[in-house]
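J.: Any chance you could fold what I've pasted below:
(chains A, B and C)
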Amino acid sequence: MIQEKLREKAKELLSKKEVDLIIGFSEWTLPLRTTPVFIRTPEGTESLAWNSFCENNLATYLHKFGRFKVGIVVKGCDARSVVALSLEKRFPNHRPLLIGVPCQRMVDRKKVKKAVKGEILQAVEQGDLLVVKGEDFEVTLKRDDFLYSVCRSCTHRTPNQADFLIGDPVEEFPLDEAHPDVSEFEGKTPEERWGSFEKEISRCIRCYACREACPMCYCTECFVDSTRPKWIEKSLSPSDLAFYHIVRAYHQTGRCSGCGACERACPMDIRLTHLTQKLNQEVKDLYGFETGIQPEVPPPLSTFHPEDEQGFIK
Amino acid sequence: MKFKLDKKDFERFLKDLMEAYDLFAPVQLAEGVSVFRKIDQPEEVHLTQLVPQKSAKEVFFPQSEVMFRYETVEHREPILSEQRIERERVLLGARPCDIEAISILEKVFAGEDYTDVYFLEKRRKTTIVTLSCNHPLTTCFCSSTGGGPFRRDGSDLFLTDLGESYLVELLTEKGMAFSKNRFFREAGSKDFDLLKELEEKASKKAEASIPVEGIEKRLDLMVESPFWDRIHEKCIGCGVCTFLCPTCHCFDITDEAVNLKGQRVRNWDSCLFPIYSLETSGHNPRPTGRERTRQRLMHKFNYYPKNFDRVACVGCGRCILYCPVHFDIREALLYASSRRSKGQEGQSR
Amino acid sequence: MESETVTNWEPKILAFLCNWCSYAGADLAGTSRIQYPPNIRVIRVPCSGRINPLFILKALQGGMDGVLVSGCHPGDCHFLSGNYIGRRKSATLKRFLEYLGVEENRVQFSWVSAAEGVKFSQVIQEVTEDVKKLGPLRNFVKK
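T.: Residues are numbered from 1 along each chain as shown, chains lettered A, B, ... in the order given. Here you go, the predicted structure:
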């Protein structure tokens, strides 16, 4: 069992004092969810969990624990975030030890909730099935029908660059075509695209959960908080909301691992990942770059090639 | 005074209502995402989501509110204009927790030292039609914080879903204004029995489980407790819990100006944002998540109770349901309350 | 009244010109008395690599109908590689804005050297014509 092996490895690392703390997932009060845990003692590793609800990208906590030797539980996408952070020299003291788990892809709790009527009190995984129970219902769902859309199109599920791999690598499925959400959006006219984007972000409450959940958003002062110069107002005008969402996404160019943490964090269910997926597609197309795959290749926007595409320049 | 309102008449009832009032009720923005908005068409009203993401506080205290506009014309003094509420309002479909939260806000905005005209104007002109909770969620803990799924305080009218109809209770003078409504029918003993049954069932489901009695005193002893070192660790510092919270009421005032024209706007702010407490000098008295998480809990369970004799939490569970990292405020409260017997960490440091 | 405003409408275009090439190119156009449309407002920047995409967005939000970023030709950068770095930012931003539904020609880029007064005037003419065809920016601009 992956969960058992994970606990064993974490216990070993803590016992041998190879790390000061382990960042992982633990079950908590709600079904279909886990919560991040920070474990400092070998005994504490008993609370580590691994299941299809380990949706957070824990790499976002590495900024908080930079002073410590950290062992961190990572999925494929999380590992790529760590590589990207490493390229940006975010680990001057200790590079975190990556405890990689080949990812079975995570279950979208919102999709599951929509599939049943009534409150879900319990959710149990049985192989490929998901048994969901409520006060007066019990249904069995096919796990694969309820995956996050970013997980569905994931091409690197096995963590690369992991220091330890828990379990065997999983088969990868390269995408033949563009990201489906991106292609769908691209199928619209420019006017429709802007309309759809504006409508989607009109729900934004500017809680910045998308920013905080993202491991790559670590600026000491975010442009939205800057007062000199003041880039953006704090109110909810469509223009300011668009400004925020364009820049938040664009700042991820060549840095986004496509984990989808931004979208999962959003309390208003705003579709955000297609924005960064589009940018990922662009840097792959223009510069052959994929985030977090090669630990030696510099991020695309901090380097250049004399022969870069410039057909758009007069 | 109690009546019955058939669901088949509900939309027409709303239509009538909208002739005389501006109607505010939950609307669905996307599947599973709803907020309180001004209603244009009766069919927009969406009552099935027990706790809409944003609470009813927005009807009285909008996330972004223009306080006044100004414009300098030919070098003369600026023209000021204040936002006034023209029509009477009805808030319909908020649950008892959200209504209780309004009374919590009222204590702040209509305090002895300061009265907030923007809040009060809206509050005065609003009739509150509450909808009871027949099926509280497991994240609901309203009974622990002094409320309950059928708590009627603060409501002018109180609706209970009986299946085919709503049972309508008129509770105040504002509510009595509806006594002649053409859609209200006489309710019978059968309806009252069903009401009683539903109320008992819901109250049982929402039994108090979190001890908040006297929590402010326990927290007094915990200001420097190592508890805070651990509890904040998973918090990523976004504003979900504070923005969705029906009782959080911090705001920031900014001028949005272009050339000689502008407006003064107040926007919700969150104590979990580092910039919230950042001073001009660059010093931040709440430099890390530890102090900020402590502030959030202390304000609700220590500072506010000291001022107003009750906790500033109504147990709606939004912060649990929508937290991106699954922070559960109930666990924090349980932990804090268990400290009472284990001793006085505050003093040991 | 309405139709009159439309026919008389002239686009406002913000041009970020690099100090070492394009700005000098504009200067040359001026001293050589080469005519170009008066629709541009110029902001001199140290290098086209200095352009933060925020600048471009802020200009559009603030009421500009189009934005031009102009720098030194490849290989001519005063700072050796600033324009190469800028080129990548421009390429990705341009594609991203188009993806979101901002019209292709709202944001444009050019290489203009200090010796290219004629090219500078041509670029300004082209950009002005392009933006004129698009009409005033409606989306995104702050009302």
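J.: From chain C, how far off is the spatially most central residue of chain B?
T.: By C-alpha atoms, centre = their mean, chain B has its centre lying nearest to B:Pro246, at 2.2 Å. From B:Pro246 over to chain C the distance is 31 Å, taken as C-beta to the nearest C-beta, to the nearest Å. All C-beta atoms are positioned from the backbone trio N, CA, C, and that covers glycine.
J.: residues contacting that residue?
T.: B:55-57, B:97-98, B:101-102, B:314, B:316, B:318 (C-beta atoms under 8 Å, 6 or more residues apart in numbering or on different chains).
J.: Just want the residue of chain C that's nearest chain A.
T.: C:Gly101 (3.1 Å; C-beta to the nearest C-beta).
J.: For that residue, give me the pLDDT.
T.: C:Gly101 is assigned 95 on the pLDDT scale.
J.: Could you report the separation of the closest residue to B:Lys107 other than its chain neighbours from chain A?
T.: Spatial nearest neighbour of B:Lys107, excluding adjacent residues (C-beta to C-beta, 6 or more residues apart in numbering or on different chains): B:Phe308 at 4.7 Å. Here B:Phe308 is placed at a distance of 26 Å from chain A (C-beta to the nearest C-beta).
J.: Number of residues surrounding B:Phe308?
T.: 15 (other C-beta atoms under 10 Å in any protein chain shown).
J.: Quick check, central residue of the chain?
T.: No chain in the question, so chain A it is. Taking C-alpha atoms, centre = their mean, chain A has its central residue at A:Cys259, 2.8 Å away.
J.: try chain C instead
T.: C:Leu68 (0.8 Å).
J.: Now stretch B:229-246: buried residues?
T.: By neighbour count on 16 or more other C-beta atoms under 10 Å in any protein chain shown, the buried set for stretch B:229-246 is B:231-246.
J.: Restricted to helices, list those residues.
T.: In helices, defined here by DSSP state H, the members of the buried residues of stretch B:229-246 are B:231, B:240-244.
J.: Any stretches of chain C with poor pLDDT?
T.: C:1-6 (pLDDT under 70).
J.: Can you show me the helices along it?
T.: C:2-8, C:22-31, C:53-61, C:82-100, C:117-134.
J.: and the buried residues of stretch B:229-246, which two are the farthest apart?
T.: Greatest spatial distance among the buried residues of stretch B:229-246 (C-beta to C-beta): B:Glu233 and B:Pro246, at 26.4 Å.
J.: is residue 70 in a bridge, and if so with what?
T.: Going with chain A. Per DSSP bridges, the residues bridged to A:Val70 are A:Leu21.
J.: please go with chain C instead
T.: C:Leu17, C:Ser110.
J.: Tell me how many other residues crowd it.
T.: Counted with other C-beta under 10 Å, the neighbours of C:Ser70 add up to 30.
J.: just to revisit the earlier point, turn the helices of chain C into a markdown table, including mean neighbour count.
T.: Shown next, in a markdown table, are these (neighbours: other C-beta atoms under 10 Å in any protein chain shown):
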| stretch | mean neighbour count |
| --- | --- |
| helix C:2-8 | 8 |
| helix C:22-31 | 20 |
| helix C:53-61 | 21 |
| helix C:82-100 | 22 |
| helix C:117-134 | 20 |
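J.: closest to A:Arg95 out of those helices?
T.: Smallest distance to A:Arg95 across these (C-beta to C-beta): 27.0 Å, for helix C:82-100.
J.: Which parts of the stretch 151-300 of chain A are strands?
T.: A:164-165 (DSSP state E, counting those that start in this stretch).
J.: Get me the contact residues on it for chain C.
T.: A:185-186, A:188-195, A:197-198, A:223, A:231, A:237, A:239-240, A:242-243, A:246-247, A:249-250, A:253-254, A:275, A:278-279, A:282-283, A:286-287, A:300 (C-beta under 8 Å from any C-beta of the partner chain).
J.: Just the buried ones out of those, please.
T.: By 16+ other C-beta under 10 Å, these give A:185, A:193-194, A:197-198, A:223, A:231, A:237, A:239-240, A:242-243, A:246-247, A:249-250, A:253-254, A:275, A:278-279, A:282-283, A:286-287, A:300 as buried.
J.: farthest pair in the contacts of B:Pro246?
T.: B:Ile102 and B:Arg318 (15.1 Å).
J.: ok, back up a step: I figured the residue nearest to B:Lys107 was touching B:Glu106, is that so?
T.: No. B:Phe308 is beyond contact range of B:Glu106, at 10.0 Å (criterion: C-beta atoms under 8 Å).
J.: what's the burial count for B:Ile85?
T.: 14.
J.: Helix, strand, or coil at it?
T.: Classification of B:Ile85 using DSSP: H, G, I helix; E, B strand; the rest coil returns coil.
J.: That one contacts B:Lys122, doesn't it?
T.: Yes. With contact defined as C-beta under 8 Å, B:Ile85 counts as touching B:Lys122 (5.8 Å).
J.: And the helices in chain B?
T.: Applying DSSP H to chain B gives helices spanning B:10-20, B:57-60, B:96-109, B:117-124, B:173-176, B:189-205, B:215-220, B:227-231, B:240-244, B:289-298, B:304-308, B:318-321, B:329-342, B:345-348.
J.: The second one and chain A, are they touching?
T.: No. Using C-beta under 8 Å from any C-beta, we find that helix B:57-60 stays clear of chain A, coming within 9.8 Å at best.
J.: From the chain's centroid, how far away is that helix?
T.: Centroid displacement of helix B:57-60 relative to its chain, using C-alpha atoms, centre = their mean, to the nearest Å, is 8 Å.
J.: likewise the fourth one?
T.: Distance of helix B:117-124 from the chain centroid (C-alpha atoms, centre = their mean) equals 15 Å.
J.: got a list of contacts for it?
T.: Contacts to helix B:117-124, defined as C-beta under 8 Å, 6+ apart, come from residues B:59-61, B:65, B:67, B:83-85, B:89, B:102, B:105-106, B:109-110, B:266.
J.: Of those residues, just the buried ones, PyMOL syntax please.
T.: Remark: buried members of the contacts of helix B:117-124, expressed as a PyMOL selection using 16+ other C-beta under 10 Å:
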select buried, chain B and resi 59+60+61+65+89+102+105+106+109+266
